[in-house]
Structures are given as C-alpha cells and as structure tokens.
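Novice: Prediction below, plus the sequence it came from.
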Amino acid sequence: MNFEVQYFLEVFPSLIKYIPLTIGLAVLSMILAIMMGLIIALITNKRIPVIYQLLNIILSFFRGTPMLVLLFLIYYGLPQLFPSFSVINSITAAIIGLSVKNAAYLSEIFRAALKSVDEGQLEACLSVGMTRVQSLFRIILPQAIRNAIPATGNIFIGVIKETSLAFTLGVVELFAQGKMMASASLRYFETYLAVAIIYWALTIIYSNLQELMERKMSKPYIK
Amino acid sequence: MNFEVQYFLEVFPSLIKYIPLTIGLAVLSMILAIMMGLIIALITNKRIPVIYQLLNIILSFFRGTPMLVLLFLIYYGLPQLFPSFSVINSITAAIIGLSVKNAAYLSEIFRAALKSVDEGQLEACLSVGMTRVQSLFRIILPQAIRNAIPATGNIFIGVIKETSLAFTLGVVELFAQGKMMASASLRYFETYLAVAIIYWALTIIYSNLQELMERKMSKPYIK
Amino acid sequence: ENEGKVLKVGSTGLVYPFSFKEGEKLQGFDIEVVEKIADKLGYEIDWQLTDFSGLMGQLESGKLDTVANQVAVTAVREEKFNFSEAYAYDGTQIIVKKDNNDIESVEDLKGKKVASVLGSNHAANLEGLDFANEIDIKTYEAHDGMLNELDFGRIDAYANGKNILLAEIEKSGLPLKAVGDPISKERVAFPFVKDDKNDELIEAFNQALAELHEDGTLKELSEKYFKEDVTVEKVSN
Amino acid sequence: MIKVHGLRKKFKDLIVLDGIDIEVKQGETVAIIGPSGSGKSTLLRCLNLLEKPDEGHIQIGDIMLNAKKYSRKEANELRRQTAMVFQHYNLFKNKTALQNIIEPLLVSKKMKYDEAKKVGEALIEQVGLAHKADNYPITLSGGQQQRIGIARALAVQSHAILLDEPTSSLDPELVGEVLQVIKQIAEKQTTMIIVTHEMDFAREVADKVIFMADGHIVEQGTPTAVLDHPQNPRTKRFLQQSISLPEYSLV
Amino acid sequence: MIKVHGLRKKFKDLIVLDGIDIEVKQGETVAIIGPSGSGKSTLLRCLNLLEKPDEGHIQIGDIMLNAKKYSRKEANELRRQTAMVFQHYNLFKNKTALQNIIEPLLVSKKMKYDEAKKVGEALIEQVGLAHKADNYPITLSGGQQQRIGIARALAVQSHAILLDEPTSSLDPELVGEVLQVIKQIAEKQTTMIIVTHEMDFAREVADKVIFMADGHIVEQGTPTAVLDHPQNPRTKRFLQQSISLPEYSLV
Ligand SMILES: Nc1ncnc2c1ncn2[C@@H]1O[C@H](COP(=O)(O)OP(=O)(O)OP(=O)(O)O)[C@@H](O)[C@H]1O
Ligand SMILES: Nc1ncnc2c1ncn2[C@@H]1O[C@H](COP(=O)(O)OP(=O)(O)OP(=O)(O)O)[C@@H](O)[C@H]1O
Ligand SMILES: [Mg+2]
Ligand SMILES: [Mg+2]
C-alpha cells in the first residue's frame, strides 16, 4: 500500500495552527446564531398572524439554501445590489452567513424546547407576581435549555465543519489549509485523513464538554 | 446594477432537469440512513458495555468529519487500502457516504424519540403477552416516529443539499450543474440565486409534505 | 511612484506547481511571476487565497485587482475582463494510464470515459471537439482525486492543462502518461475588471512582463518549475 | 376581601362561567365544591387572570378591575393580590425547595437575598420541611411538594390565597399532612378560596361553602347548611355521589 | 390459581420484597393493601416479570418458574398467564379504544381480524363504552380509559388479572364506574389480585385481604378479619390513617 506515514504525521503541526481560527469562527457564529434563534423562537411561538407566515418563508429560505450559495450571495451578491455592503470583509460575511443560517435551524429547536416546558411553570410564575419576561429568564429558559442542548450540540458540530466553506470568501482555515497541503504534496488521502482526525478530535472534545454540561443541568431532574 | 435577468431566467430550465437526480440521491440515502440509524439507536439504547463505547467512537467520527472528507476517504482512500473497493462507482460511494453519516445523526434523534415514549407503553404490551419485537413495531415505533419527524425533516433537508458534495466524485446534480453554468458564464450571482430558489422551493414543498404527515400522525393525540 | 501601494492578488494555493503552499509559504510559478512584476512596479502584494469560484467573485466585485492562478484567456472571460499579455502558454492535454495502448491520439477517445474539471477551460475544450458527442465526458468538481481516479481505472482518460499534468505525473510517480499533442492552445494571462482605471495598471503589467521576458527571468522561473520554457508560444505542432 | 360581580367566561361556544357573584370577607375561608367541568378551576384562574374573563368586575383588596377593559399594569396589580396553589403543585423544577419559596421574593418583591432567605427558612419550617430545603422538587413526595407550594404562595404575602384541589393529586396517605398545613393557615385568618373534593375538610375549615354546577353558583351558605341540609336537588345528588363512594355507586 | 413462594426482590441495597408467600385459589379475588412504598406494586410486577425477581418460585395456572434461573421462553409463557391493569391506564396511545382491546388478540393470540373485532366489540359493550369505540385514549376521561384498560386485560383471557391501584388516578366522581366494572368481573369467578386504597370496595369484593408493610406480608385473612378486626398493631395504625381521612390526621 501507498500510505506515507512520515508525511501523514508531518501534516498535523501545520493543521493544528489553524484550529484557533476554526474554533473562533465557529464559536462566534454560534453565539450570534443562538441569540438570533432565541429571538425568532420567541416571536414565532406567539404565532402573530402575518409576521409568523412571513418569518416562516424567510426561515425556509435560510434553511433550504446551501451554505455555499448563501455565503456567495452575501459576500458577492449583496454588494451588487447595495454598494455599501462591499465594505464587509470576508470573515464578517462568513460569520453573518453561518449565524443567520443556523439561527433559522436553532429557532425550530428552541421553539420545541420552550414548548416542552410545562405550561404550569409559567402559570406558577405569574401566580406569584412575576412578569412574563422575568418568568422567561428565571424559570422557563433554564428548563428549556436543558431540552435543547443535544440538538444544539448537533448544530454546533455542524458549524465547526461549515466554517470550511468560508474558503470561498478567502478565509483560510483548517480545511482550506488541508486542501492546500494536499494539492502541494498530491497526498490527498494522507492529508484528508489527518483533517478528519482533527475534526473528530474536536468533536469528541466538544461532546465531552456537552455531556458535562448536560449532567450539570440535569441535577435538578435526578431522583 | 449588473444583474442579467435574461440569463437568470434561462438558467432555470437547465437546472430543473437535475432535480430528479438530486431528489433520487437524497431519498435513497435517507432511506438507508433511517434504516441504519434505527438499528444503531436500538443497539445504543441498550447500553451494552463495550459495544456501546465502541459504537459511540465510530459514530462521533462520522458525525465529526466533514462530508467532503468522508466522501473522499470512501471513494479515493478505501481503494488504496483495499484495491477491491475501486469498483465502487461514484454514485454508490456518494450514497454510502451520505447514508452512513446521516445514520450517525439519526441514531441520536431516534434514541431520544424512543426514550420519549412512556415506559408504560412497553409494560402494557408485555403485560398482554406481546414480545419485545412485536411491541416495538406495533406500539413503540409508531409513537416514537411522531416525535422524531421534525428533527428527521431537518436532516432530510440537509441531505438534499449535501448531495451536491457528490460532485467531488464526479456526480453532476443540481448544484454541480449550477456551478458549471456559473463558471462557464462567469455569472455566479445570477446562477447561484437561481440555485438557491430551486432549493428553497424543494424545501418548501418538502416542509408542506412533512406538515401533512405530522398532522396525520398526531390525530390520536388531539383532544 | 507606487511606493507603499498595495496590489491585491488572488490565488487558490491549490494548483501545483503554479500556486501552492509549502509549509506556510505561498509559492509557485504564477506566484513568483507576480512577485517579480510587483517588485518592478513598486507594489506590496496582499495575497488573497480563496477557491476558484471565490476568485472570480472577488475579482468581479472589486475585492481583488487581479488573479494569478493560470487563468486562460477565453472568449467568455474576455467579455467580462481585460487581460494582460500572456505570461505562459498551455494547452489541454490528455493523459491515460501507462499501460493503456488503446488511446494513442485524440480520435481514440471516442466511446471512452474522459474526465475534466469544473472551472477550467479544458472542460470546454474537450466539449468543443468535433466528435465530443461520441465521448463520455464526466465533469468533476475539483482536481483533487483525479490522478487516482485515472489510476484506479474508473475513467479512461483525463484532460487538463499540460503544464500541470506533466509536473504532477512526475511528482506523484503514478504510472500515467500523456497522449498525443495538446488538443488546444491557450494563452495564460492576468485578468482585470473592465474599468478605465485599470488600463494604466494593465499597461504597467505588460511593460513589466516584456522586461522579464527580455532579461530571461521568466524563462528561468519556468525552467525551475517545469524543466522547460512555457513562457513562449511553441511554433511546432 | 374579594368581590366578584357578573363574571362571565366562554371557551369558544362553551359557556363556562355564566355570571358569577361572590363575596369573601377579610380572613374568611371559602370552599368551592361541584362536579367536574362545572367551572371551579376556571373561576379561580379568572380571579388571578391566568384566564382572561370576558365580562364582570373583580375586586381583591384595594384593586378593582373591569374584565372588559384593563391595562397590563392593572392586570399585574390584581395578580399580585393573590397567590395560587395548584393541583399539580407546579413547583419550579429547576429550583430547590427553599429556592422555590425565595424566588418570588427576589423577583416580584425585589427583596435582598439574605432577607428573602430568612423569610423562606421560616416558612419552610412552618410547613415542616426544613430538612428538605436543598432538595429539588422531583425528589420530594407529592405531599411534600404541595407543602412547598403552599409555603411559596404564603411567601409573597398576598391579600388572598387561591387553592385549586390542592390534595387531589395526592396518595390518600399524604392528604392529611397537606390539609393540616392548610388548616393552620386558615386559622391564622388568611383570606382563602379553596376548590376541593374533601367534604369533611370543607365542613371543618370553611366559613362558607359554594356549590357550583354548569358555570352557575347553585347554592351557598355555611358548611352545615350546604353539606348537611342541601336545598337544591343538584346539590343533593352531587353530595350523595361523592361523599360515600364506592358503596352507593355500585348498587 | 396463583402460588408464590419465598419471593425476594432488591433494588440495589433496598430490600423491597423480603420473602413473600401467597396462595390464590382459582376464581378468588385477593385485595392487597398497605402503605406507600411497602412493595405492593413491585409484588404485582414481579408476578408478570415486568420486574425481575431475585429469588423465589412463582406458579400461575400450569406454569411454574424459578426466579433464580428461567429462560426467555418460560418468561413469555408465565407472562401470558396474567394480564395487568395499571394505575395510569397505559392504553396504547396510537390506537383507538377498540383497537386497544383488539391489539393483543391480533398480536399475542394471532387471531383473525374479524374474529378479534367481534370479541373486542363484546368486551367494549361489557364495560359500557361501545359508543366510544373509535375514540383515541386522549379523548376519554380517566374512568373511561381505565374501563378500556380492564377490557384489554380481559381480552387475552389469561389465567389471572392483576390490578395495581386501578382507581387511584381517578377523580372521585369517576371511581364508581370503574369499581363497578371490576366488581362484575370478580363476580364471574375471575382470578384477580388487586392493589387498592378503597377499603370499602375491598371489603365488598375480596375473598381475602392481604396487608403488606416493608416488603413483608404482615397480616392476611377474610376482609372482616383484616379490616374490621386487625390483630397486628401496624395494620391497625394503617387502617386508622387511611379509612377516615381527613378528620383523624388533623387532630
Ligand atoms: N383552555 C380551555 N379551552 C377550552 N375549554 C376549556 C379550557 N379550560 C377549561 N375548559 C372547559 O371548561 C369547562 C370547565 O372547566 P374547569 O376546569 O373550570 O372545571 P372544574 O370545575 O375545575 O372541573 P374539575 O373538577 O374536573 O377540575 C370544562 O367543560 C372544560 O372542558
Ligand atoms: N425501579 C425502581 N428502582 C429503585 N427503587 C424502586 C423501584 N421501584 C420501586 N422502588 C422502591 O421500592 C419500594 C417499593 O415500591 P413499590 O412501588 O412497590 O411500593 P408500593 O407499595 O406500590 O407503593 P405505592 O402505594 O406508593 O404505589 C419503594 O421504596 C420504592 O421507592
Ligand atoms: Mg378543576
Ligand atoms: Mg404502587
């Protein structure tokens, strides 16, 4: 067989340098996505007639469009329509694209999680004189979060990988670096295997963090 | 502005021809993914010590690795390790990659859905003399499916778009055709907008089907 | 006069031996040519790495001044962009497995499975053959696995730029060979957005290129990467 | 003091409250009884606006509200006049027993943490659960959860407490401990309205018993009057059915 | 006929059944009473192997099983000897009332659909719910759900029926209708074990009453013996507490 172990091992140090950028992009996009997703979930939860339908159509666009196309439209398309958008730099555009798109997915997850919190919890809050907003932040959300963690984790793992699409906008991160190394060495298999292993390791690390968090959050729910 | 409407409209007919292939790939991969995902969910649900940990590590590899890398490893990597794999054609490799990867995601969804069915349902089945397998197919699964539909729908929408990665293996479907037209005409914006609209339409059509299905399945649960 | 001015040049870093990374350093034939030109004109280069569709998008939306990535001059591209003079010549080359004796000329491609890659003009050249409809043409997204694809025997032949293919066959050591003469000839040049402001820059590029030809720098670079001079149009064939 | 006048509530076409008039004096305990679906819960829920009434006037303490038109602020003010104890306890699942009691103090009353904790500890002592202060609700028995629910309702020191079948989700053994706590509170001259199926308890604790059916108040008066000498045939039928289960219904 | 000998069950370190011996004759109805946590549910669940017992012998009808070692096949056979009625009904949520009754016939008994439907319709008639045959469980009241649950248990014509607090999730009003159905069945000489808190019902229907506490059988005998003239002090205390709630517990 034709697997060059030497090269395979040498790939890692150069790839590892790009982990901070990948993680940074992913975490920042995720934070924004969570904030937007939560706001959307709270709005759609109320089912205000026209806004609800409109929002649903917009959300289906973001959910339905391939990430690559979305990034392309934001970075190259928008400036054609509105010249002032041309000041957006590539990293900003990537973060906008990643967060908007995943906000659309997260809003569905959050909506379901909010629904999963027993109606009686809100009633109890109101009955002791808390306002709706207070109830939301002190009682409802903390319970909803727990239900939303696994699905949100899936999205985050997705985002980590989707950052690689930012290469279209000129952001060289982990995967882009891997592609470049592969095409310089022509050792695609070794390089891509190394890339896979790094993503795998990131996923495992994150999964463990998530499990820790889940365990902590489910403390009140264990008999 | 520099948007060529004429070209934009002309793109559609050529793209639409590729919808059947995209849908075909997506549906076939999804069916396989669902079958595999269900089997994995049933196995992991039992938490058999060694098998459970092992399976989890394998699953995290498939969940964590970018689809593109996975396809690459399957199509170009495996034959280097096992020459007999070189007979796999590109469509087969794409379907394997798509289904294995999404099976890993679905298994988590199904596991949660199975858990969400009240333990009492299985006990009721057993108490009237049904076996575990009978209980599963007649009572537990039909109830679990209902809980799993929204998340499974998300995955399916994802698969529709992920089929486009098969282009790396030489499978020309909807998005690949779009890319080819764009790079021939250099009209990326117009072409990609058309691509986005078609994916959007597919998403909306699917979402409506899903809502129909959800409504049908929730008949027993409406007071 | 251009002291301290910045030239934004895009490349993919994905095409050996034109534009690739060794460690963290971007290098390759195209890269060095632009660096030499920038030196002459007194520009700092701000390299932007992105994939090929991204390059075209960035060039068009004014985020790049030009692209150094083996951009061949074609009719469609000339509609959108102005080009500098050529700095290299290339052609669409067919390669096959070494032990393949069925294909000895372009005509032998009839009935065979032949691959090309998105975004390259070589795909268009293949489709432009008189008997193209008799060839089973397959397009792939990227060049990545193509040599392996040919080696595994999943395709019969592969068409791409002659300069790339020869360099890669040598480097990879795979049992592949070039067949016949290139089926087309292309000029490789620097594209610029059609804009009066760029005319001056193109003029300066052309001037610099002429000087680099003159003093043998281009020839030297070419031989460093290709072991032959691809910067002049071959009169034979 | 609670005054309700002409309270009406429909769910779509279903008339659930059909003109209810009630007066509860300061410190009085009123028990509401009646068959399932008669509107007892809806009445309580309208009093603290968990359900929006269609028509009528509600006065609790100094706050008076017209169901036809009221502002958000008025609603909040009225709501603060009462605290509710629910059939299914509805403790905050993500908070410990003590935190459940303190939470409304911190949030609605903007009390300092230390002060709130003192109040909370006194209350949890009062319902006999000081040793369970750090338990999460799920680890408490139904009876214990309900006692915490009562302590939480007491904490906010509202004008009146509304209890909706506080013992009917409990195992028979656990009913006693909860009723005992409620009895103590009633004796302290807290204004209370309690919906209950426990006739013996109503007889013992209530100053007034109201029998509801089909969205109407059918009969009201002292416990003896309503429970032992009912006038209305519907009241009689209801009392026969529910006091002496299961013998009667089996014959 | 049910014979249980030396049945033991631990949950981790907690001994829940500590050597239980029971004999129920063909056609007999046995009522089990006892405080919460005494192991009543666990006992029933061990009988049909929903819970795996640690030790002991169980015989139901012709099928005899040693808890220490039994095959899957033996377990299935024993399980078919009984049918269970649950406190929370546990109707199949995705099936209509009639389908709930028919399902075990189609699946466990491999009956033809038409035949099963006939049996099902007779049973749903018997529990008085023919008019609700096509309703899904969620649209039925608790009492109606439990009656369907009983019909489902009857459908498989097992050797014995086990009922675990069949009425304790029900609103007081709905208890009667369910007890009535159970009484009818008891009169038909079905072998039954029923865990219940309804003392009056136990007195009327049971041939034998068993009082359990802490995983032991403390006292057993005729209803009159156990309920009216209990010998053991624990039985006495338990009966005092639970028969006459809430008066006693409040004093
Ligand atoms: N949110 C709602 N939407 C529609 N109908 C409702 C709603 N809440 C209650 N109802 C209906 O209003 C009627 C009165 O219900 P309510 O819960 O007030 O009765 P109740 O006297 O409390 O009965 P129970 O003793 O069973 O608690 C019932 O017919 C019920 O079905
Ligand atoms: N699956 C389980 N895991 C651990 N402990 C359990 C489990 N099931 C029951 N127990 C414990 O076993 C003991 C007996 O429980 P069981 O449910 O049999 O009591 P019970 O007599 O039915 O009580 P109740 O009247 O409340 O239904 C209790 O202490 C209970 O906490
Ligand atoms: Mg009620
Ligand atoms: Mg029990």
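Specialist: Structure's in. What do you need? All figures in this text were calculated on a predicted structure; none of them were measured in a lab. Residues are numbered from 1 along each chain as shown, chains lettered A, B, ... in the order given. Ligands and ions are numbered 1, 2, ... in the order given.
Novice: what's the neighbour count on A:Asn2?
Specialist: 12 (other Cβ atoms under 10 Å in any protein chain shown). For the C-beta atoms, the positions are set from N, CA and C on the backbone; glycine is no exception.
Novice: and it, which of the three is it?
Specialist: Classification of A:Asn2 using DSSP: H, G, I helix; E, B strand; the rest coil returns coil.
Novice: what residue ranges in the chain score low on pLDDT?
Specialist: No chain in the question, so chain A it is. A:1 (pLDDT under 70).
Novice: let's do chain D instead
Specialist: D:242-251.
Novice: just the helices in it please.
Specialist: Counting by DSSP state H, chain D has these helices, from start to end: D:40-47, D:72-79, D:97-107, D:113-126, D:142-155, D:172-187, D:199-205, D:223, D:233-243, D:247-250.
Novice: Save the ones you listed as TSV, and put in mean neighbour count and distance to A:Ala201 too.
Specialist: TSV is the format used below for the helices of chain D (neighbours: other Cβ atoms under 10 Å in any protein chain shown; distance: least, Cβ to Cβ, whole Å):
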stretch	mean neighbour count	distance to A:Ala201
helix D:40-47	23	54
helix D:72-79	16	52
helix D:97-107	25	39
helix D:113-126	17	43
helix D:142-155	26	45
helix D:172-187	20	52
helix D:199-205	20	63
helix D:223	19	72
helix D:233-243	16	66
helix D:247-250	15	67
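Novice: Select, out of the ones you listed, the one closest to B:Ser107.
Specialist: helix D:142-155 (36.2 Å; Cβ to Cβ).
Novice: just checking, what packs against that closest one?
Specialist: Helix D:142-155 sits against strand D:82-85, helix D:97-107, helix D:113-126, strand D:160-164, helix D:172-187, with contacts defined as 3 or more Cβ pairs under 8 Å, 6 or more residues apart in numbering or on different chains; DSSP states H and E.
Novice: Can you give me the pLDDT of C:Ile94?
Specialist: We have a pLDDT of 94 for C:Ile94.
Novice: So which bits of the stretch 151-251 of chain D are right by ligand 2?
Specialist: D:Asp171 (Cβ under 6 Å from any ligand atom).
Novice: Relative to chain C, which of the helices and strands packed on helix D:142-155 is closest?
Specialist: helix D:97-107 (51.0 Å; Cβ to the nearest Cβ).
Novice: Contacts for that closest one next, please.
Specialist: Residues external to helix D:97-107 that are found in contact with it (Cβ atoms under 8 Å, 6 or more residues apart in numbering or on different chains): A:128-130, A:134, A:138-139, D:83, D:91-92, D:95, D:111, D:113, D:115-117, D:119-121, D:123-124, D:129, D:132-137, D:140, D:144, D:148-149, D:151-152, D:155-156.
Novice: Now do it and helix D:113-126, the angle between them.
Specialist: 140 degrees (axes from the mean of the first three to the mean of the last three Cα atoms, to 10 degrees).
Novice: so helix D:97-107 versus helix D:142-155, what angle?
Specialist: Using the same axes, to 10 degrees, helix D:97-107 lies at 20 degrees relative to helix D:142-155.
Novice: Spatially nearest residue to residue 144 (excluding sequence neighbours)?
Specialist: No chain in the question, so chain A it is. A:Ala113 (4.2 Å; Cβ to Cβ, 6 or more residues apart in numbering or on different chains).
Novice: you looked at the wrong chain, it should be chain C
Specialist: A:Tyr188 (5.5 Å).
Novice: cool, C:Glu35 as well?
Specialist: C:Ile45 (6.5 Å).
Novice: who touches the one you found in this structure?
Specialist: C:6-9, C:34-35, C:38.
Novice: could you list every residue that touches A:Ile43?
Specialist: A:51-52, A:55.
Novice: in chain C, which spans are helices?
Specialist: Using DSSP H, helices in chain C cover C:29-41, C:52-60, C:75-80, C:121-127, C:146-152, C:162-172, C:196-214, C:217-226.
Novice: May I see those helices organised as CSV, with distance to A:Gly37 and mean pLDDT added?
Specialist: Below are the helices of chain C laid out as CSV (distance: least, Cβ to Cβ, whole Å; pLDDT from 0 to 100):
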stretch, distance to A:Gly37, mean pLDDT
helix C:29-41, 42, 94
helix C:52-60, 28, 85
helix C:75-80, 39, 89
helix C:121-127, 41, 88
helix C:146-152, 40, 88
helix C:162-172, 45, 90
helix C:196-214, 43, 93
helix C:217-226, 50, 93
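Novice: just the ones you listed: most buried one?
Specialist: Of all the helices of chain C, helix C:52-60 has the most neighbours on average by mean count of other Cβ atoms under 10 Å in any protein chain shown, namely a mean of 24.
Novice: Which residues belonging to stretch A:108-117 are considered buried?
Specialist: A:108-114, A:117 (16 or more other Cβ atoms under 10 Å in any protein chain shown).
Novice: Where strands are concerned, which of the residues you listed count?
Specialist: Among those, no member falls in strands (DSSP state E).
Novice: Tell me which of those fall in helices.
Specialist: A:108-114.
Novice: Out of those, the closest to A:Met180 would be?
Specialist: A:Ile109 (35.0 Å).
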